[in-house]
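Peer 1: this one's sequence-less:
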């Protein structure tokens, strides 16, 4: 069997397409066999890694992809830039830790959270973007049809779950119970990134005034967690004034 056929049969697509050109380069530059093989396998790894990242991005369901270099650091009145930049090293993922972006509307919490989750995808981690209300609605519908446990896996399987807008809309007792189950199942099993407009002492407002559930959620969320507090006025309000 000829080499192109072998490479195709082994599904080494990058090698099949590039081996002749790479062999010619190896001859010109007098590479060793080891150097040639190294470059060939690097090409295959990059292809496979790119495919995995593409699958992660598709499954993440980002409404809009954001990157850290697009963020306007000059707008918030108070923001810890070194803290945020350090988070992008993704050290919190090793400890199954959480990250919380806390602040008022229009300060870039969702931008930073999405960019952080996007970086996790780039580093070959599974991610899901959702909102707190979407979780409640999805799980409530699943519970009504006896599919709750199966549906919970949607939120427990990803290595990173991004929950956007926690606290923006009121949640009833059922919703509070369902959200607690998500946090409980993910505790020390995966990382959760949260954006919220509520400081922690007001989280009982999120969970229907249930101080017991609130305490249980905070206990799980804040253990192995890093909170990023952002202060200032809405960036969108600035744009309106400029218009």
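Peer 2: Received the coordinates, thanks. Bear in mind the structure is a predicted one, so any value in this text is a computation, not a measurement.
Peer 1: for residue 141, phi and psi?
Peer 2: Main-chain torsions, residue 141, degrees, to the nearest 10: phi -60, psi -40.
Peer 1: distance of it from residue 152?
Peer 2: Per CB to CB, to the nearest Å, residue 141 is found 13 Å from residue 152. No exception for glycine: its C-beta is placed from N, CA and C like everyone else's.
Peer 1: isn't residue 88 up against residue 68?
Peer 2: Yes. Under the criterion of CB atoms under 8 Å, residue 88 makes contact with residue 68 at 6.1 Å.
Peer 1: hey, what's in contact with both of these two?
Peer 2: Common neighbours of residue 88 and residue 68 (criterion: CB atoms under 8 Å, 6 or more residues apart in numbering): 115, 116, 119.
Peer 1: next secondary structure after the helix or strand containing the second one?
Peer 2: This means residue 116. Using DSSP states H and E, residue 116 maps to helix 109-122. Where DSSP H and E defines the elements, the next helix or strand beyond helix 109-122 is strand 127-131.
Peer 1: what about the strands in the protein?
Peer 2: Counting by DSSP state E, the chain has strands at residues 98-103, 127-131, 160-166, 191-196, 225-230.
Peer 1: the first one versus helix 109-122: what angle between them?
Peer 2: If I follow you right, that is strand 98-103. Angle, strand 98-103 to helix 109-122, by axes from the mean of the first three to the mean of the last three CA atoms, to 10 degrees: 160 degrees.
Peer 1: swap in the fourth one?
Peer 2: Taking the same axes, to 10 degrees, one finds that strand 191-196 is oriented at 160 degrees with respect to helix 109-122.
Peer 1: so what touches strand 191-196?
Peer 2: Residues from elsewhere that reach strand 191-196, judged by CB under 8 Å, 6+ apart: 92-93, 96-102, 109-110, 113, 116-117, 159-167, 183, 186, 203, 206, 221.
Peer 1: let's see it at 7 Å
Peer 2: With contact meaning CB atoms under 7 Å, 6 or more residues apart in numbering, strand 191-196 is reached by 92-93, 96-102, 109-110, 113, 116-117, 159-167, 186.
Peer 1: same check on the longest one?
Peer 2: For strand 160-166, contacts defined as CB under 7 Å, 6+ apart pick out 110, 113-114, 117, 120, 125, 127-132, 135, 155, 186, 190-196, 206.
Peer 1: longest helix in the protein, please.
Peer 2: When the chain is parsed with DSSP state H, its longest helix is helix 33-60.
Peer 1: buried ones in that helix?
Peer 2: 36, 40, 43, 44, 47, 56, 60 (16 or more other CB atoms under 10 Å).
Peer 1: now render these as TSV, adding pLDDT and distance to residue 177.
Peer 2: Listed next are the buried residues of helix 33-60 as TSV, based on pLDDT from 0 to 100; distance: CB to CB, whole Å:
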residue	pLDDT	distance to residue 177
36	90	60
40	90	54
43	91	51
44	88	48
47	90	45
56	97	30
60	98	26
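Peer 1: which one of those residues sits closest to residue 214?
Peer 2: residue 60 (28.5 Å; CB to CB).
Peer 1: what separation is there between the residue lying closest to that closest one once chain neighbours are set aside and residue 142?
Peer 2: With CB to CB, 6 or more residues apart in numbering as the criterion, residue 60 has its nearest non-adjacent residue at 4.2 Å, and that residue is residue 127. Residue 127 sits at a distance of 21 Å from residue 142 (criterion: CB to CB).
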